[in-house]
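A.B. asks: output the structure for:
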Amino acid sequence: MVPFSKRTLRTVLVALGLSMAVAAVPTAASASIGLGTVVSANPANFTPNVASGAVYKFVQVGGTMYAGGAFSSVSTPAGVSPGGTYARSTGAVSSFAPSVNGEVWGLASDGSSLYIGGTFTSVNGVARRGVAKLNPTTGTVDTGFNAGLASGKVTELALVGGRLLAGGTFPGKLRALNPATGANTGYLSLSISGSVTSNAGAVQVYRFAVNPAGTRLVAVGNFTSVGGQTRYRAFMLDLGASASVDPWYYPPLQNLCAAASLPDYMRDVDFSPDGSWFAFVSTGYIPRAGGVGRDLCDAAARFETNSANPAQPTWINYTGGDTLHSVAATDVAVYVQGHQRWLDNPQGNNSAGPGAVGRQGIGAINASTGLALSWNPTKDRGVGGKDLYVTSQGLWVGSDTNHIGHETRQRIALMPVP
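C.D. replies: Coordinates of the predicted model:
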């Protein structure tokens, strides 16, 4: 982990991610917060560099930022003392030094504990498959917490209504855990089953978002049925005294995109700060014949929370054949990240079609109109960054590349509020 401020950076070796001393921000269920403005296209100069691999997830705990992923070394930014590069197989720098034997994909915190989810089976030599609870200062494992997952991995975590919600490929695919013990509370007892195609891989809940009120959850992944109801690739739950499948459903999610090799094409989702709408991003290449404006293929799309059976998205913005991996929906902008070259490109076919605008690696879409904003820092494309995280400081960008805003910012960057 790397605790840091704009003036200082302390470095000690660890194996989970980075922790960084930053301004505290209120905790919401999992939706992005409103900023009232578009962030700067000029990245902050004080973030550390992750020399290889990728950052998959951020979470802020009080005045400290944590980042998890799969990376090998971390170095201090230029001009910050003490400097140096620190090697780890999946690691970072700070006195927070857990030893994790796999990738970290999910992070959550209640302010006093840090929960990590991923592909690991052991933390600090303690057997913990997929999810563990750590002391956020020392990195020690809370041995009183044990979810006892028999198999699979965890790719998403969130604390909602006094429960730790986890999504992944493990049995059940979506669980509500007791944050103290890790026991399955039984609150999410919905059957999630069915693969969208035979070559789509494991049935899973890959990512989910929860509205600020903690009353709605929208998930994406590989499944065809939830709670006995048809739900291809995305579903909504109502989170009350019990959890139930919401009527919201978009039947065109049953459609395949042009790339038959990418049938599990939904990649991320985020709620707006007021919870009235949410946005998806996806892979899949371009829509098949007749699918433009309907099918979510290499696109970002907005849906209204209370519109149960939409005929089409409120808006949809196509890249023209390039994947979007992550999304953050603020009050004025929907930020998207992937290995895209363009936005506003519905007629593109691995090319810039009529009206396309260049937005390499990262971009921002007007939350109301669905058209690309002028914000255009540019970023290395790579495979595509897996997390965008909004705090009162701005937009944190976790990725697998080295440059953003025409500056070297390896794997981690902050695009600050102006």
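A.B. asks: surely residue 366 and residue 333 touch.
C.D. replies: Yes: here residue 366 lies in contact with residue 333, judged by C-beta atoms under 8 Å, at a distance of 7.0 Å. All C-beta atoms are positioned from the backbone trio N, CA, C, and that covers glycine.
A.B. asks: more neighbours: which of the two?
C.D. replies: Residue environment comparison for residue 366 versus residue 333 gives the larger neighbour count to residue 333, 22 against 16, counting by other C-beta atoms under 10 Å.
A.B. asks: for that one, which non-adjacent residue is closest in space?
C.D. replies: Distance criterion C-beta to C-beta, 6 or more residues apart in numbering; nearest residue to residue 333, sequence neighbours excluded, is residue 364 at 4.4 Å.
A.B. asks: do residue 58 as well
C.D. replies: Taking C-beta to C-beta, 6+ apart as the measure, residue 58 lies nearest to residue 389, with 3.9 Å between them; neighbours along the chain are not counted.
A.B. asks: so who does the one you found touch?
C.D. replies: Contact analysis of residue 389 by C-beta atoms under 8 Å, 6 or more residues apart in numbering lists 32, 57, 58, 59, 60, 328, 395, 396, 398.
A.B. asks: residue 274: which of those is nearest?
C.D. replies: Lowest distance from residue 274 to those (C-beta to C-beta) belongs to residue 32, with 10.9 Å.
A.B. asks: okay, and the nearest residue to the closest one once chain neighbours are set aside sits in which element?
C.D. replies: Taking C-beta to C-beta, 6+ apart, and ignoring the residues beside it in sequence, residue 32 has residue 390 as its nearest neighbour in space, at 4.1 Å. In this structure, residue 390 sits in strand 387-391 according to DSSP states H and E.
A.B. asks: next SSE after that strand?
C.D. replies: In the C-terminal direction, the helix or strand that comes right after strand 387-391 (DSSP H and E) is strand 394-398.
A.B. asks: okay, that next one in CSV with CA atoms only?
C.D. replies: Included here for strand 394-398 are C-alpha records, laid out as CSV according to Å, rounded to 0.1, in the frame of the first residue of the first chain:
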residue,chain,number,x,y,z
GLY,A,394,-12.0,14.0,-8.5
LEU,A,395,-11.9,10.9,-10.7
TRP,A,396,-9.4,8.1,-9.8
VAL,A,397,-8.4,6.0,-12.8
GLY,A,398,-7.2,2.5,-12.3
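A.B. asks: pretty sure residue 187 is touching residue 242, no?
C.D. replies: Yes: using C-beta under 8 Å, residue 187 is in contact with residue 242, at 7.1 Å.
A.B. asks: compare neighbour counts for the two and give me the winner.
C.D. replies: In this comparison of residue 187 against residue 242, neighbours counted by other C-beta under 10 Å, the higher total goes to residue 187 at 19 against 10.
A.B. asks: now the phi/psi pair for residue 141, please.
C.D. replies: Dihedral angles phi and psi of residue 141 (degrees, to the nearest 10) take the values phi -80, psi 130.
A.B. asks: so what's it closest to, chain neighbours aside?
C.D. replies: Residue nearest to residue 141 in three dimensions, not counting chain neighbours: residue 126, with 4.6 Å by C-beta to C-beta, 6+ apart.
A.B. asks: contacting residues for the one you found?
C.D. replies: The contact partners of residue 126, taken as C-beta under 8 Å, 6+ apart, are 132, 141, 143.
A.B. asks: can you lay out those as CSV showing neighbour count?
C.D. replies: Shown next, in CSV, are the contacts of residue 126 (neighbours: other C-beta atoms under 10 Å):
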residue, neighbour count
132, 28
141, 22
143, 11
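A.B. asks: now render the residues you listed as a markdown table, adding distance to residue 183.
C.D. replies: Compiled in a markdown table, the contacts of residue 126 are given as follows (distance: C-beta to C-beta, whole Å):
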| residue | distance to residue 183 |
| --- | --- |
| 132 | 14 |
| 141 | 17 |
| 143 | 14 |
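A.B. asks: pLDDT-wise, which helix or strand of the chain ranks last?
C.D. replies: Ranked by mean pLDDT, DSSP states H and E, the weakest helix or strand in the chain is strand 13-14, scoring a mean of 28.
A.B. asks: since that was my last question, I'll sign off now.
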